[in-house]
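1. From the sequence below, what's the structure:
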Amino acid sequence: MTQPLGRELQEDRDLEPPELRTLLAITRTAALVHDRISRFLKRRGLTRPQYDVLRILRGAEPPGLPSRAIGERMVQRVPDVTRLIDRLEAGGRVRRGRSARDRRVVLVSITARARREIDALDGPLRRLAEEILGNISLAELARLDGLLDRVGAAPTPEEFDSRLPS
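-> Numbering: from 1, shown residues only. Down below sits the predicted model:
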């Protein structure tokens, strides 16, 4: 069992206001979950961003997607999608090709080998998710999903800053 957030972060005082405490709890929990998934994938020769690209491309078969579209669909944004795709291509996991409709567009697609590789991860990842979230009921998961959607819809830092008095 984990310890309360304040003790875990070695805070000497209560984390107030409650919104700050909850924001820190979400951030801490996301980091813990991210670490577990990253370690799982690393043992299978993938980084989290590489898996994310392959997951996106599996859903875009055929014909694939331009790099920019891949970057926009990633769970966690990375600064250089092109370099990430370069590494996946060098490892034989993706290939690039020109669009038949518009030769100026370069499409990235998943290779059959990489498709088999991530298909094989579906079951183990599902079991990992069940392990991480197994102590939460289906009704609680649905509620949590809804709450997290509302958190995700909050203003961006730029929107927040634009509302501050000058």
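2. Could you look up the SS state of the most centrally placed residue in the chain?
-> For the chain, residue 75 is the residue whose C-alpha lies nearest the centre (CA atoms, centre = their mean; 3.2 Å). At residue 75, secondary structure determined by DSSP: H, G, I helix; E, B strand; the rest coil is coil.
3. Ok, residue 58 next?
-> Going by three-state DSSP: residue 58 is helix.
4. if you skip the residues just before and after it, what's nearest to it?
-> Using CB to CB, 6 or more residues apart in numbering and skipping residues adjacent in sequence, the residue nearest residue 58 is residue 110, 5.6 Å away. (Glycine included, C-beta is placed from N, CA and C.)
5. Can you report how many residues lie near residue 84?
-> 21 (other CB atoms under 10 Å).
6. Give me the next element, helix or strand, following the strand or helix carrying it.
-> Assigning secondary structure by DSSP states H and E places residue 84 in helix 81-90. Downstream of helix 81-90, the next assigned helix or strand under DSSP H and E is strand 94-98.
7. coming back round to it: so who does the residue nearest to the centre of the chain touch?
-> By CB atoms under 8 Å, 6 or more residues apart in numbering, the contact list for residue 75 reads residue 52.
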